[in-house]
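sequence first, then the predicted structure:
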Amino acid sequence: MSSVTQAVPLRRDAEVIGLVGIAHASSHFFHLVLPPLFPWLMKEFDLTYTQVGFLITVFFVISGIGQAVAGFVVDRVGARPVLLFGVGTLALSGVLLGFAGGYSGLIAAAAVAGTGNSIFHPADFTLLNRRVSTRRLGHAFSVHGLSGNLGWALAPGFMAGIATLAGWHVAAFCAAALAAAVFLLLVVRRDVLHDHAAEPLVASRAGPPETGGGSQFGFLRSGAVWMCFIFFLCATGAFGVLQSYAPAILGNVYGLPVAMATAGLTGYLLGSAGGTVVGGFVAAKTENSDRVIGLALGGSALVALLLASAILPAWSVLVLMAGMGFGVGVAGPSRDLLVRKAATARFGKSSYGRIYGFVYSGLDLGLATTPLIFGPMLDQGRFSAPLVGIAVLQCLALASAARVGQGVRAGRAAQGAGS
């Protein structure tokens, strides 16, 4: 590690991490702007679970496609202007949602929100990798994940509470105002987020970067990149079920009132936030990120199966949901470090955006597909089946992480033998 990296003041790193974290929280907040409003939207526009689930699919399909493209834009023009565009677009989507007068208006608002959401992972991780000293990256990724979870945790109560008091249109305008406030903060502190000047701060620990044959798309020939993509597809697909349908699932399986069923989702999100804090310290102390992921997601999968069985009393739901979220949260920082170790370092600092953009587009694809897969199950009254599906997806995610980890260790062994 270079002396330049070691000399970076904690205050400078902390401000970068904090600003990126606040932006990331706004992104995750908008993931859950629509689902808490489903009861109002379904009643006002006579919609089914499948139809409101399609709104989430629109959001994440556009976000996934846009994320892969945004990575190339970040590498070309820098992360800061792209980040500002994303937050501003989220604010615009809230305004469109507030004025929506029919299903087509809801789809338009979801599409604009998906466009804004598409930029966050390539922009965020490029800024963190370029602006934060290497020895603090584990904690930076932890805060990044924590802020996202807090954005998720804030949204259900914020949106449903305002909708109950003043209507869903007002709730949408309030979400727009929240994003606008974040945008203004980033504009005021924009000098802190200038990423090009700080590129020398990033220290590669994997030797000289590979160029992928001189092609901007050379990273697509990396098996590690594809396995990381599959990991995000499965892991976030599992969360997508809860994000869209947790209140309906828990309410029907356990006979909980709407408020308690919604509290189950909040418990999951708060548990995930706490797990992310713990996961940051765990990630900083171990090189075997895949093993941390395997243990954490394996535990969460077991909890999902226990929830599906409905053999425990209803009062245990909050505890089980928080426990499942805790396991997912612990895995988060190790997940982000695994991507860095397995893929990004091989292609150099100039490709952070495109690699993170492509890998994290698996996140959007997972969140886009699960409402379409599991929404019809709910329409048919099969409310336990999605919980089994969550467990299966989490097991597939930990298997892909194990595969990536094996490749990382094999690469280290080869470097050691050649030195």
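Structure received.

any regions of this protein where pLDDT drops low?
Within the chain, the stretches with pLDDT under 70 are 1-8, 195-216, 340-352, 408-419.

50 - rerun?
Low-confidence segments of the chain, defined by pLDDT under 50: 1-6, 197-213.

residues contacting stretch 289-298, please?
By Cβ atoms under 8 Å, 6 or more residues apart in numbering, the list of residues contacting stretch 289-298 from outside reads 235, 275, 279, 282-283, 286, 327-328, 330-331, 334-335, 337-338, 341, 394-395, 397-398, 401-402, 404-406, 408. Just so you know, the C-beta spots here come from the backbone N, C-alpha and C atoms, and that holds for glycine as well.

may I see the ChimeraX selection of the buried members of those?
In ChimeraX, a selection of the buried entries from those looks like this (16 or more other Cβ atoms under 10 Å):
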select :235,275,279,282,283,327,328,330,331,334,335,337,338,341,394,395,397,398,401,402,404,405,408
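
looking at the contacts of stretch 289-298, which are in helices?
Judged by DSSP state H, the contacts of stretch 289-298 include 235, 275, 279, 282-283, 327-328, 330-331, 334-335, 337-338, 394-395, 397-398, 401-402, 404-406, 408 as members of helices.

roughly how far apart are residue 297 and residue 223?
21 Å (Cβ to Cβ, to the nearest Å).

ok, residue 329 next?
Using Cβ to Cβ, residue 329 is found at 28 Å from residue 223.

so the two - more neighbours on which side?
Using other Cβ atoms under 10 Å as the criterion, residue 329 and residue 223 rank with residue 329 on top: 28 against 12.

need the contact list for the residue nearest to the more buried one when sequence neighbours are not counted.
For residue 329, ignoring the flanking residues on the chain, the nearest one in space by Cβ to Cβ, 6 or more residues apart in numbering is residue 275 at 2.5 Å. The neighbours of residue 275, taking Cβ under 8 Å, 6+ apart as the test, are 296, 325-332.

and those residues as a markdown table, adding distance to residue 315?
Listed next are the contacts of residue 275 as a markdown table, based on distance: Cβ to Cβ, whole Å:
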| residue | distance to residue 315 |
| --- | --- |
| 296 | 25 |
| 325 | 17 |
| 326 | 18 |
| 327 | 21 |
| 328 | 22 |
| 329 | 23 |
| 330 | 25 |
| 331 | 27 |
| 332 | 28 |
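
tell me the one of those nearest residue 373?
Minimum distance to residue 373 across the contacts of residue 275 is 19.3 Å, recorded for residue 328 (Cβ to Cβ).

now do the closest one against residue 369, distance only.
Counting by Cβ to Cβ, the separation of residue 328 from residue 369 is 18 Å.

so what's residue 318 up against?
Residue 318 makes contact with 260, 263-264, 267 under the criterion Cβ under 8 Å, 6+ apart.

apply 6 Å and report the result again.
Neighbouring residues of residue 318 by Cβ atoms under 6 Å, 6 or more residues apart in numbering: 264, 267.

now swap in residue 361 and tell me
Each residue near residue 361 by Cβ under 6 Å, 6+ apart is listed here: 64, 67-68.

in ChimeraX, how would I select the buried members of these?
Buried subset of the contacts of residue 361, written as a ChimeraX selection, criterion 16+ other Cβ under 10 Å:
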select :64,67,68
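
would CSV of the contacts of residue 361 with distance to residue 381 and secondary structure be doable?
CSV is the format used below for the contacts of residue 361 (distance: Cβ to Cβ, whole Å; DSSP: H, G, I helix; E, B strand; the rest coil):
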residue, distance to residue 381, secondary structure
64, 30, helix
67, 35, helix
68, 37, helix
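
okay if I get the contacts of residue 361 as JSON lines plus distance to residue 373?
JSON lines is the format used below for the contacts of residue 361 (distance: Cβ to Cβ, whole Å):
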{"residue": "64", "distance to residue 373": "16"}
{"residue": "67", "distance to residue 373": "21"}
{"residue": "68", "distance to residue 373": "22"}
